[in-house]
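Asks: task: produce atomic coordinates for the following.
(one chain, ligands or ions: 1)
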Amino acid sequence: MKAIKSEEEWKEILSSEEFHVLREKGTEPAFTGKYLKNKKKGTYVCAGCGSKLFSSDTKFDSGTGWPSFWAPVSKDNIEEKPDNRFGMRRTEVLCKKCGGHLGHVFNDGPKPTGQRFCLNSISLSFKENEDSVEKSKK
Ligand code: FE
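Replies: Take a look at the predicted model:
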């Protein structure tokens with residue numbers, strides 16, 4: 001089921017940067033995102049609707065300047081769409097629940113999938129695993 005909000009409602013909930021990327025399919029500048037170097041264990045959820053999207057277990061350093069993953073938590077939670085804007089043939093990745101733009105997926109990723117989900121940090125919200133939070137407190 002989609003979390004349908006009007007663009008006006010999204011504008012109220014999201015920051016202008018989040019709105020630009022999630023709702024207007026913008027891209028954050030490379031090497032600026034808050035999760036690029038995040039190596040903590042946890043789950044990346046949609047910054048728009050909170051749906052679980054990617055796990056730290058599949059995150060890798062692609063060298064591109066954007067947080068990269070070789071698989072989503074579940075294919076059911078994302079949507080892939082052809083994106084031929086800017087004279088490029090790419091595959092856009094969206095949050096299935098709210099339709100928010102996350103980034104693109106390419107076929108030059110590492111094993112085992114060979115996929116590279118190249119995402120905007122700003123489209124994501126990181127939830128650290130409870131047990132690793134506990135460990136860091138001890
Ligand atoms: Fe979402």
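Asks: for the chain, what lies in contact range of the ion?
Replies: 46, 48-49, 51, 95, 97-98, 100 (C-beta under 5 Å from the ion). From N, CA and C alone the C-beta is placed, and that goes for glycine too.
Asks: nearest residue to A71 in space, please, no chain neighbours.
Replies: The spatially closest residue to A71, leaving aside those adjacent along the chain, is T58, at 4.7 Å (C-beta to C-beta, 6 or more residues apart in numbering).
Asks: with A47 instead?
Replies: Leaving aside its chain neighbours, A47 sits nearest to S125 (4.7 Å; criterion: C-beta to C-beta, 6+ apart).
Asks: the one you found and G50 touch, don't they?
Replies: Yes - look at S125 against G50 with C-beta atoms under 8 Å: they come within range, at 7.3 Å.
Asks: when those two are compared, which one has more neighbours?
Replies: S125 (17 against 14; other C-beta atoms under 10 Å).
Asks: tell me the SS of the more buried one?
Replies: Three-state call for S125 (DSSP: H, G, I helix; E, B strand; the rest coil): strand.
Asks: equivalent analysis for S132, please.
Replies: helix.
Asks: could you report the neighbour count for it?
Replies: 13.
Asks: ditto for R23
Replies: 18.
Asks: one more: K41?
Replies: So K41, with other C-beta under 10 Å, has 14 neighbours.
Asks: what's the span of stretch 4-15, first residue to last?
Replies: 18 Å (C-alpha to C-alpha, to the nearest Å).
Asks: next: stretch 19-28.
Replies: First-to-last residue span, stretch 19-28, C-alpha to C-alpha: 11 Å.
Asks: with stretch 8-19 instead?
Replies: Length of stretch 8-19, first residue to last, C-alpha to C-alpha: 10 Å.
Asks: what are the buried residues along it?
Replies: 10, 14, 18-19 (16 or more other C-beta atoms under 10 Å).
Asks: over to stretch 41-52?
Replies: Buried residues in stretch 41-52 (16+ other C-beta under 10 Å): 42-49, 51.
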